[in-house]
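Chemist: Can you look at this prediction? I've put the sequence above it.
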Amino acid sequence: MSDISSHRGSSSLLVADARTKRRNAAEARFRSYGVAAIAIALIALVTLLISIFGNGASAFRQTFVTVPITLPAETLDPSGNRDPAEMAKVTTIGYGNVLKAGVTAAVREAGVVPEGMADSDIAGILSQEAPAQLRAMVLENPELIGTTVETHVLAHGRIDGFFKGRVTMESAQRDSNVTPERLQLAQAMTEKGLMSSGFNWGFVTMPDASDQRPEAAGLGVAILGSLFMMFVVVLLSLPIGVAASVYLEEFAPKNRWTDVIEVNISNLAAVPSIVFGILGLAIFINFAHLPQSAPIVGGLVLTLMTLPRIIIPARAALRAVPPSIRDAALGVGASRMQTVFHHVLPLAAPGILTGMIIGLAQALGETAPLLLIGMVAFVRDYPGGLFDPASALPVQVYNWTQRSDPAFVERASGAIIVLLVFLICMNAIAIILRRRFERRW
Amino acid sequence: MSVMKLTASALAVAAATASGAYAQARGQIQVAGSSTVLPYSTIVAEAFGENFDFPTPVIQSGGSSAGLQQFCQGIGENTPDIANSSRLIRDSEIESCAANGVTDIMAVQIGYDGIVFASDVNGNEFAFTPADWYKALAAQVVVDGALVANPYNTWNEVNPDLPEQPILAFIPGTKHGTREVFAEKVILAGCEESGALEALTALSDEDTAEEQCGAIRTDGKSVDIDGDYTETLARIQSDKNGIGVFGLSFYENNTNVLRVATMSGVEPSTESIASGEYPVSRPLQFYVKKAHIGVIPGLKEFVEFFVSDDIAGPNGPLSAYGLVSDPELAATQAAVAAEETM
């Protein structure tokens, strides 16, 4: 008998021999390496998310002071004609004094002031943004002058930090920006309903603020700037990217030149993004004299950076359309252009759009090229168009991490959360497009 | 064909946009330069935007040298109107400015910034003199008439009055304007004060001696921080033995985590710096292109607002943030009003 197991000796099929054991062990080891690799990646991701959300979630809540303030006509409108242009002469310093007096009176009346606390100390619970908020409110509605209005203004960043656990009675002792009495007052005001915390819409709508008012800093300008830049990127890179990939894939002759172009596109996709920033500075600002810090320049630079990253997946999507489609169209007499635009491009569109959106998401998170074209700047006015100065989301994160006030740590992490939400939305759209419209052959 | 048409029209729009259709006048003031002056600039810009009809100025930061370089690129709307600087403008920069047509420059001093030495709030208390810092950080010191590599490992070896704590200093990197001040007012002053300069001069000549004075040890006890003060703070929080170099305003905003050291017996504060008792401070200033006044709306108003008593005075918001008000502020205001150039 020469059956197959005989030359392995007397081993049974049910008992693994040494060699099989070794092979099984090797496979088990390999699998555990894989699991370990995934575990490490997951731990890194979870740690990142926990640290960002742990630091940043509190940026979406903010403490406000709600007190009745009497608006004296003699200081806020000396001419007495309720003309906003005349009233604008009263600066925020004037409104600051009104606010100071109003808040002091209100908390004294409510009987929440700790014993021995001086009047001059009480106003410190308010944000330095508060006079500006009050001024804007009065200028918008001059009829309010002379009346007593329930005013809802931001509390000081340190008071806000107290409710978020960043500031304690102990640290307030050593802190020159807050006193323990103010924290006690804040506590008592909360119990009386004069101070409350709510969702911080200002974080996504208000512009950046200076180091003295972290509580007022928001992402409004940065979000607008990022949107304007993405608009430019879409407007330019979609037609250019699609035209380039259609020509290269469908029409271009295969010769040395197209090979060189192909290699160059692949290489450009791997060029560090800061290089595009240097290029942008030289071409768009120094040569074309476009303005600094403007979304148009940011958009152009990001377009240059994104183009090769769009062309490569677009070509792959075109290549994935089976040749039989083209042959059939040509066979019934369509021209090559009709073949491409009536049949190939619609079939490749989901793949092209997916690549486009992923390219956009990369551009949205890019900071380095923007450093060189003046977008890393303090901008407070909302941009009205592509040529107005603006900031950008990742740049705002970078800016806030450099500020000295500890409250900006929370803001920077909050901004990262907003940026992540944008990226996740864009990636989700890409996945949905692929799922819904992609055809497989 | 609709895709074709769409593509063609998009390209046309893009081309029209990009090909320099931009002709409108710049409405807002552009400022570039020092990251030390940046917080003060933003505070003033914010108040300016709130209270005036002009748009809020746009403030870039990138360091004094980068800012002055941009500033000197020429006259015109796509160059900054103002350059912030934590050091005085250099002659070479004035020349390069002049070569590009930037000739009438107004220099405006806004006040003084103190440089302080601070460590973890729960750590030891320190009372330094510049000599201590020189001895602790010098690459080579003179011991018994011979030049040897720095032998000190703990602060009490440098000066018996200091606590026994390993030497670990986080000092600003060489790209910072602060480093220049630190080297001059602390290390060189300490070198002279401790008599090391004389001893070094005796060993070689004066120039070499000064160079040796300024050389910082590279054995890891002194760490250059190329980032900003937030990085220095993070390093101190991870290594409690560290002592960092900060700006006074940064320290004043973080008094709950940092303990400041005295220098030559004086505690740093806006008062002690204004009076000149605290030795390590430097003037902060900005430079304005006179040619832009009257062209860029609000430029002169902004500069006047910046140096007004309400803003830069001893009770103003800049002082509250940590700027040491300039006793000569009235002279600066007069110079700005008269548009005096350098």
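Modeler: Good, I have the coordinates. Numbers count the residues shown, from 1 in each chain, chains lettered A, B, ... in the order given.

Chemist: So which bits of the stretch 251-400 of chain A are right by chain B?
Modeler: Within reach of chain B by Cβ under 8 Å from any Cβ of the partner chain, the stretch 251-400 of chain A has these residues: A:285-286, A:288-293, A:296, A:300, A:341, A:345, A:371, A:374, A:376-381, A:386-387, A:389. Where you see a C-beta, it was placed from the backbone N, CA and C, and this is true even at glycine.

Chemist: Filter these down to the ones in strands?
Modeler: A:377-378 (DSSP state E).

Chemist: If any of the residues of the stretch 251-400 of chain A next to chain B are buried, put those into a ChimeraX selection.
Modeler: Per 16 or more other Cβ atoms under 10 Å in any protein chain shown, the buried members of these correspond to this ChimeraX selection:
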select /A:285,288,290,291,292,293,296,300,341,345,371,374,376,377,378,379,380,381,386,387,389
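
Chemist: the strands in the chain, which residues?
Modeler: Reading this off chain A. A:61-70, A:148-154, A:195-199, A:377-378.

Chemist: my question was about chain B
Modeler: Under DSSP E, chain B gives strands at B:30-33, B:58-60, B:82-85, B:105-120, B:127-128, B:140-143, B:146-149, B:169-172, B:222-225, B:243-247, B:258-260, B:262-263, B:281-289, B:324-325.

Chemist: just to revisit the earlier point, pick the most buried one from the strands of chain A.
Modeler: strand A:377-378 (a mean of 26; mean count of other Cβ atoms under 10 Å in any protein chain shown).

Chemist: Name the helix or strand of chain B that has the lowest mean pLDDT.
Modeler: helix B:2-18 (a mean of 50; mean pLDDT, DSSP states H and E).

Chemist: Next, count neighbours for the closest residue to B:Thr201 other than its chain neighbours.
Modeler: Residue nearest to B:Thr201 in three dimensions, not counting chain neighbours: B:Ala209, with 4.3 Å by Cβ to Cβ, 6 or more residues apart in numbering or on different chains. B:Ala209 has 20 neighbouring residues, counting by other Cβ atoms under 10 Å in any protein chain shown.

Chemist: repeat for A:Ala36
Modeler: 10.

Chemist: returning to that earlier point: any chance of the strands of chain A in TSV, plus mean pLDDT?
Modeler: Compiled in TSV, the strands of chain A are given as follows (pLDDT from 0 to 100):
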stretch	mean pLDDT
strand A:61-70	90
strand A:148-154	89
strand A:195-199	91
strand A:377-378	90
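
Chemist: out of the residues of the stretch 251-400 of chain A next to chain B, which are inside helices?
Modeler: A:296, A:300, A:345, A:371 (DSSP state H).

Chemist: Show me the two of these that sit farthest apart.
Modeler: A:Leu345 and A:Leu371 (37.4 Å; Cβ to Cβ).

Chemist: quick one on the thing from earlier: can I get the strands of chain B in CSV including distance to A:Ala37, mean pLDDT and mean neighbour count?
Modeler: As requested, these are exported to CSV (distance: least, Cβ to Cβ, whole Å; pLDDT from 0 to 100; neighbours: other Cβ atoms under 10 Å in any protein chain shown):
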stretch, distance to A:Ala37, mean pLDDT, mean neighbour count
strand B:30-33, 46, 91, 29
strand B:58-60, 43, 92, 28
strand B:82-85, 49, 92, 28
strand B:105-120, 38, 91, 23
strand B:127-128, 50, 91, 20
strand B:140-143, 49, 83, 18
strand B:146-149, 46, 83, 11
strand B:169-172, 36, 91, 23
strand B:222-225, 34, 90, 18
strand B:243-247, 39, 91, 25
strand B:258-260, 42, 91, 21
strand B:262-263, 53, 90, 22
strand B:281-289, 52, 91, 24
strand B:324-325, 56, 89, 24
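
Chemist: Which of those strands sits closest to A:Ile40?
Modeler: strand B:222-225 (29.9 Å).

Chemist: re the thing from before, wait, which of the ones in helices among the residues of the stretch 251-400 of chain A next to chain B is closest to B:Asn51?
Modeler: The closest of those, once distances to B:Asn51 are taken by Cβ to Cβ, is A:Ile296, at 30.0 Å.

Chemist: Would you mind confirming that that closest one is in contact with A:Leu386?
Modeler: Yes - at 4.2 Å, A:Ile296 counts as touching A:Leu386 under the criterion of Cβ atoms under 8 Å.

Chemist: related to what we said a few turns ago, may I have the residues that are in contact with the residue nearest to B:Thr201?
Modeler: B:197, B:200-201, B:203 (Cβ atoms under 8 Å, 6 or more residues apart in numbering or on different chains).

Chemist: Now list the buried members of the residues you listed.
Modeler: For the contacts of B:Ala209, buried by 16+ other Cβ under 10 Å: B:197, B:200-201.

Chemist: Among these, which lie within helices?
Modeler: Checking the buried ones among the contacts of B:Ala209 against DSSP H, those in helices are B:197, B:200-201.

Chemist: and of those residues, the nearest to chain A?
Modeler: B:Leu197 (35.2 Å; Cβ to the nearest Cβ).

Chemist: How far away from the center of its chain is stretch A:383-390?
Modeler: 18 Å (Cα atoms, centre = their mean, to the nearest Å).

Chemist: got it, and stretch B:291-302?
Modeler: For stretch B:291-302, the distance to the chain centre is 25 Å (Cα atoms, centre = their mean).

Chemist: That one near chain A at all?
Modeler: No - Stretch B:291-302 stays clear of chain A (Cβ under 8 Å from any Cβ), getting no nearer than 12.3 Å.

Chemist: Helices of the stretch 51-200 of chain B, residue ranges please.
Modeler: B:64-71, B:91-99, B:130-137, B:155-158, B:177-182, B:189-193, B:196-203 (DSSP state H, counting those that start in this stretch).

Chemist: Please tabulate those helices in CSV and include mean pLDDT as additional columns.
Modeler: Converted to CSV, the helices of the stretch 51-200 of chain B look like this (pLDDT from 0 to 100):
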stretch, mean pLDDT
helix B:64-71, 87
helix B:91-99, 91
helix B:130-137, 90
helix B:155-158, 89
helix B:177-182, 82
helix B:189-193, 88
helix B:196-203, 82
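
Chemist: so which of those helices comes closest to B:Asp113?
Modeler: helix B:177-182 (8.6 Å).

Chemist: Give me the residues contacting the closest one.
Modeler: Contacts of helix B:177-182 (Cβ under 8 Å, 6+ apart): B:34, B:36, B:63-64, B:85-87, B:115, B:171-173, B:245, B:247, B:280-282.
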